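Visitor: Predicted model, plus sequence, below.
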Amino acid sequence: MTKVELLRYPTFNDPTAMALAMVGTEAEEDLETEIKKMTSLIDDPFNTEVYWFRHQLLLRNKMAEEALKDLDTVTDSNRLHLGAFQAKAKIYQLLGLPKLAIVCYSQVIKLNPDDADPYLQRACQFEIENEMVYANEDYKMVRTLDPTNIRAITNLAIYSFERQLWDDAIQAFSKLINLHPNHGRACAFLARWDEALLDLTTAIQISPNRADFFVYRGCLLKERNIQKAIEDFSVSILIDDSNDNHNAYYQRALLYYKLEKYDFAVIDFKAAIEMNPKQSIGYLNLGLIYMQYLQDYKNAHDCFSKSILHGKGRSHLIYFLFHIQDAIQLRAYLCRGALYQKMFKENIPYHKLEVKDDAPVETDKPFNEIILNKNYKSNILIEKAVRDYSKCIHMSPGNYLVYLYRGKLLLKLHMMRESTYDFHAAFELNSGIAQTFVQRVLVLSFRKQFKQIIEEFNKLSAAEKNENPGLFLLVAKAKLKCSDYLGALSDLDSALELDPTDSQIYLQKGICYEQLKRFNDAVAAFSKSIQINAEFAKAYFHRGNCKLNDGNSSGVKDLDKALLLDPKFFEAHLSRAAYFHSRGKYVEGIEDCNKALKMEPSSIRAHLLRGSCKCKLNQFQLAISDFTKACNLDKNCYFAYYNRAVTYQLINDNLNAIKDYSIVLLLSEDSNTYRNRGLIYWKTGDTDNALLDLHSARDNFPEDANLHSLLALCLQKVGRMEEALESFTKAIQAMPLAIDAYLGRGNVYATMEKKDLAKRDYAKVLHMYPKCAEAYINIAYIFQSEEKFKKAWETFTAIITINPKCTAAYDGRAIVYYNSKNYFGALLDITKAIVTGTDPTNAELYTNKGVIFQALNDVSSALKCYKKAISLNKNYFLASFNAANSYFQYQRWDTALEFYNKTLQLSPCDVAALLNRAITKVMLKKDAEAMEDFNRAVELEPNSPQIYFNRAKLYFSLGRLQEAEADYSKVIKLSPSDAMAYLKRGETQKCQVKPLEAMKDFASWIATQDINNKALNEINI
């Protein structure tokens, strides 16, 4: 410990311990013995002096961990022991534990904040931990406490220089000028050239063997004194000709280039590249010399390709040959594109480059690649030039000059559309670049400012005569976009007068005729275009479309020819797919859609068309997949949602269908959507929503007769007959020949017992369509309801004569036979209906057949028919009801109850089934459950005397005579001629000891019975 520390931290001054330590040191006795002696003196744990001296002995014995333990004991007992914390920090620092060293140095700084050394040491540890912010703060404190500390000043100088804080760097380096001559570089960055030159000269005088100093001074002198700069670079090369000094060769090559000493420049560039093979800027400049001055195109091409291969980043050097600071790779692409154009102009073929298999080739695929017009005899050099410019655009999309380069090249190749894209992009980036009127028209065309094009052209035409057919063509396209087809034809005629051999003009003329629906004229124009250019795929495509629109199926041959000339003609694939779809050739349509999607994977039209074809082939899940992709591509494409909804509807996925129809209605009002969703709601039993949808469809589209008819059917189902009549009448007004509306209205009249009006509507249908079987059937059923069985039979027979496979006619005639007690005839007709029916799962026919068998007392066959009907349609409740009645008739109460339960599950509000089940439960002694069924039946049908009569009998059997009497009274009120009700009520009153009331009811029973018998006798007579 220092004297200051001993004064600041008093300890137990044990002379024995001090003496032992000194003797051990001077005599150099065995350290272990000394340590044992020191350990024996530890009799008080608070005697930190012993631990302090023992830790020194342990360190001499290289026992750092034990020494640290002793120091921990010291610091635990005395938190103000500065020496202990310093020792611990040094030990941790030597052991490579910077975090623990930082903790200890922090404690030292806390105890002695005016000492610079702990800050310096802690800063070093922070640097090891890469905590540069904290390290810089500590260095700052060191410079405050010790302004002459070299380490701290060096840190400030480097820190400022790296962050381009040149003034701070100069001040710091000025303090270290004798040791670190970097002051000149900082002055150079501040453009203080004289000071920089003076400092670098001083640095060279101090260190004349430093090659990099000569390079720095040469860079300063190359703008002032080129010869002196070359001397400095040459001296640097003499001092250090290793690969590390390749920059000296590169800088000297740039100076030789300025002096037009191209041979020397080539030698130095090659030397720099040999030392640093990945120096892409060297390859680039060497290639420029080969291309511009030495006309060595092969070497120039190799240099540009190697520069592209290695130019993955930016260089920090000052470029000499370019004005725009950008990626070297971008500039290499531009230079190589210019090389291809120069070779094309000089008619030098590409194979003269003699590209070797081992030559460097870029592996990246081109972006924004342009497909050259097939009307132009393209050269591989032009293709490669366009491809290089396309890559430049991908690398630097904000550089308008690159778009201009490619646009001008494409314009020379008469690729108007592609050049328009590039001029438009350049105009967006820099609006002042449209130098000619044609270029401006191209830009405005792509910006869809067609009216402005026409206005400016009219002004130009008024001022001077136009003799440029290309300009007439561009203006015609603008008028075409504005739907001014006649004006476009006029401009195209003017263009043809100037250039009658341009196939593009005839193409646009044909498109005008196509828009005007003058398909014959359009075909003639397209044919003229094809005569001029037999390989013009677009002309074949439009001519094929015109022929197809005109009903000429030979148009598909033109589509085939267009695809033969250009297999990647996207629109042609889609048009042919649409043709195949219309002709029912769905497989071929899918193939064309697949090819189109390979070219345009995000085409909504292709996905929709392919989905429609798959839907027609019953590949519903695949169709849904295509429609879903279309929905994902465009969330506002209601056609995609509508088609998917229809497909869901076809596979009975009603929930998803409703969701998609709802989305369609959010995007667009559509009557078909309302109608289809209304149908689904109706099918799922949601009557309210069904009527709302159909009402919405009718209100939005009042002229749609089908919607009125559909709404009327729904209203008829819910019993709103007057509204149904109104809707059917509106449908007839909208479409006087709508037979469905007449038939529907006739059915409503028949339901309302207005049979003459119903016959009138059916007769109108037969007047319009004499062979309409449905009208005949409805008339026959009316005759049957009027008990005109002969006329009904004749009508059904006439239908069968017209259509021997009319199932409804056989079924109706079987009912006539049944009502006429001709059960065998009914059985033959119902069997014929089942055999000839188009729907083998028609449960109604089997149910009717079972009823006929039951009339023939063939209950076994009847039950088989009912069970067959149930197996065909488990939701057809009449089959279960009739089967239950059959078992009821044969008093098989348990089985009857089972079928009545099934019936009521399917039709919970069927009163007849409830009444019969209640009677069945009475027979099974389930009186409480029977009473519930009777009560439920009364709620549903409060005016049915049969229900009250049977419930009264149950009340009577249960001894509830008053309730029985009340129900019998209700029966008499509803049916005064029911003699049995008087008898049963009299018996009930008798049991209640009401003799007078009972006698009156018995008398009424006799009187009513006599009246009934008399009436019966009159009927028999």
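Guide: Arrived safely. Numbers count the residues shown, from 1 in each chain.
Visitor: for residue 277, what are its contacts?
Guide: Contact analysis of residue 277 by Cβ atoms under 8 Å, 6 or more residues apart in numbering lists residue 310. Glycine gets a C-beta too; all of them are placed from N, C-alpha and C.
Visitor: Buried residues, stretch 466-484. List them.
Guide: For stretch 466-484, the neighbour count (16 or more other Cβ atoms under 10 Å) marks 466, 469-480, 484 as buried.
Visitor: want to throw these into JSON lines with distance to residue 395, secondary structure and pLDDT?
Guide: Formatted as JSON lines, the buried residues of stretch 466-484 follow (distance: Cβ to Cβ, whole Å; DSSP: H, G, I helix; E, B strand; the rest coil; pLDDT from 0 to 100):
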{"residue": "466", "distance to residue 395": "39", "secondary structure": "coil", "pLDDT": "73"}
{"residue": "469", "distance to residue 395": "37", "secondary structure": "helix", "pLDDT": "81"}
{"residue": "470", "distance to residue 395": "31", "secondary structure": "helix", "pLDDT": "78"}
{"residue": "471", "distance to residue 395": "34", "secondary structure": "helix", "pLDDT": "79"}
{"residue": "472", "distance to residue 395": "37", "secondary structure": "helix", "pLDDT": "82"}
{"residue": "473", "distance to residue 395": "33", "secondary structure": "helix", "pLDDT": "83"}
{"residue": "474", "distance to residue 395": "31", "secondary structure": "helix", "pLDDT": "81"}
{"residue": "475", "distance to residue 395": "35", "secondary structure": "helix", "pLDDT": "82"}
{"residue": "476", "distance to residue 395": "37", "secondary structure": "helix", "pLDDT": "83"}
{"residue": "477", "distance to residue 395": "32", "secondary structure": "helix", "pLDDT": "83"}
{"residue": "478", "distance to residue 395": "33", "secondary structure": "helix", "pLDDT": "84"}
{"residue": "479", "distance to residue 395": "38", "secondary structure": "helix", "pLDDT": "84"}
{"residue": "480", "distance to residue 395": "36", "secondary structure": "helix", "pLDDT": "83"}
{"residue": "484", "distance to residue 395": "41", "secondary structure": "coil", "pLDDT": "85"}
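Visitor: Can you tell me which of those residues is nearest residue 912?
Guide: residue 480 (72.6 Å; Cβ to Cβ).
Visitor: What is the neighbour count of the residue nearest to that closest one when sequence neighbours are not counted?
Guide: Excluding the flanking residues, the one nearest residue 480 by Cβ to Cβ, 6 or more residues apart in numbering is residue 488, at 4.6 Å. Number of residues near residue 488 (other Cβ atoms under 10 Å) recorded here: 25.
Visitor: Helix or strand: which one has residue 488?
Guide: helix 485-498 (DSSP states H and E).
Visitor: what angle separates the helix or strand following that helix from helix 485-498?
Guide: Using DSSP H and E, the helix or strand that follows helix 485-498 in sequence is helix 503-515. Following axes from the mean of the first three to the mean of the last three Cα atoms, to 10 degrees, one obtains 160 degrees for the angle between helix 503-515 and helix 485-498.
Visitor: any idea of the mean pLDDT for helix 503-515?
Guide: Helix 503-515 shows a mean pLDDT of 87.
Visitor: helices or strands next to that helix in the packing?
Guide: When contacts are defined as 3 or more Cβ pairs under 8 Å, 6 or more residues apart in numbering; DSSP states H and E, helix 503-515 packs onto helix 469-481, helix 485-498, helix 519-532, helix 537-549.
Visitor: Just confirm residue 627 contacts residue 608, I think it does.
Guide: Yes: if you go by Cβ atoms under 8 Å, residue 627 and residue 608 touch, sitting 7.1 Å apart.
Visitor: overlap in contacts of these two?
Guide: 640, 643.
Visitor: quick one: which of these two has more around it?
Guide: Neighbours were tallied for residue 627 and for residue 608 using other Cβ under 10 Å; the higher tally belongs to residue 627 (29 against 22).
Visitor: residues contacting that one?
Guide: 607, 608, 611, 640, 641, 643, 644, 647.
Visitor: what bits of the stretch 501-650 of the chain have low per-residue confidence?
Guide: Along the stretch 501-650 of the chain, no part satisfies pLDDT under 70.
Visitor: Equivalent analysis for the stretch 101-250 of the chain, please.
Guide: Checking the stretch 101-250 of the chain against pLDDT under 70 turns up 143, 148-153, 156-197.
Visitor: For residue 621, the count of nearby residues, please.
Guide: 9.
Visitor: In the protein, which residue is most central in space?
Guide: Central residue of the chain (Cα atoms, centre = their mean): residue 632, 3.4 Å from the mean position.
Visitor: quick one on the thing from earlier: looking at the contacts of residue 627, which is nearest residue 54?
Guide: With Cβ to Cβ as the yardstick, the closest approach to residue 54 among these comes from residue 607, at 85.8 Å.
Visitor: Please enumerate the strands of the protein.
Guide: For the chain, applying DSSP state E gives no strands.
Visitor: if we can go back for a sec, now do the buried residues in the helix holding residue 488.
Guide: Per 16+ other Cβ under 10 Å, helix 485-498 contains these buried residues: 485, 487, 488, 489, 491, 492, 494, 495, 496, 498.
Visitor: what angle sits between it and helix 519-532?
Guide: Using the same axes, to 10 degrees: helix 485-498 against helix 519-532 is 30 degrees.
Visitor: what's helix 485-498 packed up against?
Guide: For helix 485-498, the packing partners by 3+ Cβ pairs under 8 Å, 6+ apart come out as helix 469-481, helix 503-515.
Visitor: again, only this time at 10 Å
Guide: Applying 3 or more Cβ pairs under 10 Å, 6 or more residues apart in numbering; DSSP states H and E, one finds that helix 485-498 makes contact with helix 450-463, helix 469-481, helix 503-515, helix 519-532.
Visitor: Make a markdown table from those and add distance to residue 732 to it.
Guide: Formatted as a markdown table, the helices and strands packed on helix 485-498 follow (distance: least, Cβ to Cβ, whole Å):
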| stretch | distance to residue 732 |
| --- | --- |
| helix 450-463 | 48 |
| helix 469-481 | 45 |
| helix 503-515 | 39 |
| helix 519-532 | 38 |
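Visitor: Show me the one of these that comes nearest residue 88.
Guide: Closest among those, using Cβ to Cβ: helix 450-463, at 82.4 Å.
Visitor: Show me what counts as buried in the closest one.
Guide: Neighbour counts over helix 450-463 (16+ other Cβ under 10 Å) mark 450, 453, 454, 456, 457 as buried.
Visitor: Any idea which of the helices and strands packed on helix 485-498 gets closest to residue 790?
Guide: Proximity to residue 790, assessed across the helices and strands packed on helix 485-498 by Cβ to Cβ, is greatest for helix 519-532 (60.3 Å).
Visitor: Mind giving me the packing neighbours of that closest one?
Guide: helix 485-498, helix 503-515, helix 537-549, helix 555-565.
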